[in-house]
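J.: need coordinates for the below:
(chains A and B)
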Amino acid sequence: MTDKVTVRVQRYRPEEDAAPWEQSFEVPYSEDLSILDALNQIKDQQDPTLSHRWSCRMAICGSCGVMVNNEPKLSCKTFLRDYREQGAVTVRALDNFPIERDLVSDISGFIDHLETVQPWLIREQETAVSEGAYPQTPEQMQRYAAFGQCINCGLCYAACPQFGRDPAFLGPGALALAQRYNLDSRDQGAAQRMQWLNAEEGVWSCTFVGSCSEVCPKDVDPAAAINRGKVASDINYAVNLFNILRGKDDA
Amino acid sequence: MRKPYVQRQRADWWLRNPAYRRYMLREATALPLFLYSLLLMSGLYQFTRGEAAFLAWLELLRSPWLLALHGMALAAALYHAVTWIALVPKILVIDSDRLRVSPATVKRAHQLGAVTCNAGLLLLALLLLRAAGGN
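T.: Predicted coordinates for the structure are as follows:
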């Protein structure tokens, strides 16, 4: 007889439910069964009405983020074998985001924040394509490479209590991406992004809980990025103050 | 028709996992330090009221409750310093073409600085105590 494992899945059907509720399923267990495999087994074999997001199954698309036993995880790289001792596994939609249906979160707030920080190369003077690429040494790339590994899965937002308290907070992912471009030797947009770092919703809303970095499946370390942003914001403040004292215009 | 369910942050969010609890503990270290600073200020106030009042305050410090508060304040300050210094290499990244310092060195330099400053202050206090003829 096949070994079975209990998976409790959060359900929310907007047409008929006022609030989310929990449904238990028995799934045939195997050593290599990921949470995503279990959800697909449920949808294919037991209840086709279950909604969840997924695509690549290899931790690169960032679609399958869910809460597994209250921790934000990519369901494709989280395995049921690691929860055998804890008994049942509970899968919920990501914390801090509105729930669209079952395990599907509406992460549009996070996507808007990403756009806010202008995550692209900003140049004072664009050069023509015919003049070739902007050169960069491997060493210069190394300075921002880790912050560029983000796959926009939103786990850091689900882990961030400050974003949970105030969804206007730009949050770990967006601020890490701002830092990624600010550290890029080809970019000249740090001054433009500074208004967002300095804003109420910017780096100063972070209290260094550090959970974003712990849950990040790509080791981006957003907490480090944000707090380095605080250093940049401090320097900007001091420079502005100095300029005002010298009678120059506030930059 | 869409009807997204908006999740509200629960008041007990920080009880949900150990990392949040450690964070709240770090934040809570401010409380014993706040009480300790009140105690110091009350001492300063008694000092302005004359010798008898100040000696009475010094006597008060011997109470087990206040000794416990000192112990807690010390533990809180140490916990905060240790956890904070552990985070410094994440914030202070010295990596330019001219100068490069490894994260481990940054952390060790801060630890060394903290120990040196505290030992220096302790030494200064002991020297002052000796100069004043106290014991």
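
J.: what mean pLDDT does the host helix or strand of residue A:228 have?
T.: Using DSSP states H and E, residue A:228 sits within helix A:222-245. When pLDDT is averaged over helix A:222-245, the result is 93.

J.: and chain B, is it touching that?
T.: Yes - residues of helix A:222-245 contacting chain B under C-beta under 8 Å from any C-beta of the partner chain: A:223-224, A:227-228, A:230-231. For the C-beta atoms, the positions are set from N, CA and C on the backbone; glycine is no exception.

J.: who wins for most neighbours among those?
T.: Counting neighbours by other C-beta atoms under 10 Å in any protein chain shown, residue A:223 leads the residues of helix A:222-245 next to chain B with 25 neighbours.

J.: name all residues that make contact with that one.
T.: A:172, A:206, A:208-210, A:212-213, B:90 (C-beta atoms under 8 Å, 6 or more residues apart in numbering or on different chains).

J.: in helices only, show me those residues.
T.: A:172, A:212-213, B:90 (DSSP state H).

J.: of those residues, closest to residue B:68?
T.: residue B:90 (34.2 Å; C-beta to C-beta).

J.: ok, now which ones touch the closest residue to that closest one other than its chain neighbours?
T.: Leaving out its chain neighbours, the residue that sits closest to residue B:90 by C-beta to C-beta, 6 or more residues apart in numbering or on different chains is residue A:224, at 3.8 Å. When contacts are counted by C-beta under 8 Å, 6+ apart, residue A:224 touches A:213, B:90-91, B:93.

J.: buried sites along stretch A:232-241?
T.: By neighbour count on 16 or more other C-beta atoms under 10 Å in any protein chain shown, the buried set for stretch A:232-241 is A:232-233, A:236, A:240.

J.: assign a three-state SS to residue A:6, would you?
T.: Here residue A:6 is recorded as strand under DSSP: H, G, I helix; E, B strand; the rest coil.

J.: near chain B at all, the helix or strand containing residue A:156?
T.: Using DSSP H and E, residue A:156 sits within helix A:155-159. No - Helix A:155-159 stays clear of chain B (C-beta under 8 Å from any C-beta), getting no nearer than 8.5 Å.

J.: who are the packing partners of the helix or strand following that helix?
T.: Later in the chain than helix A:155-159, the nearest helix or strand by DSSP H and E is helix A:161-165. Helix A:161-165 sits against helix A:171-182, with contacts defined as 3 or more C-beta pairs under 8 Å, 6 or more residues apart in numbering or on different chains; DSSP states H and E.

J.: change it to 10 Å
T.: helix A:108-116, helix A:155-159, helix A:171-182, helix A:211-215, helix B:18-28 (3 or more C-beta pairs under 10 Å, 6 or more residues apart in numbering or on different chains; DSSP states H and E).
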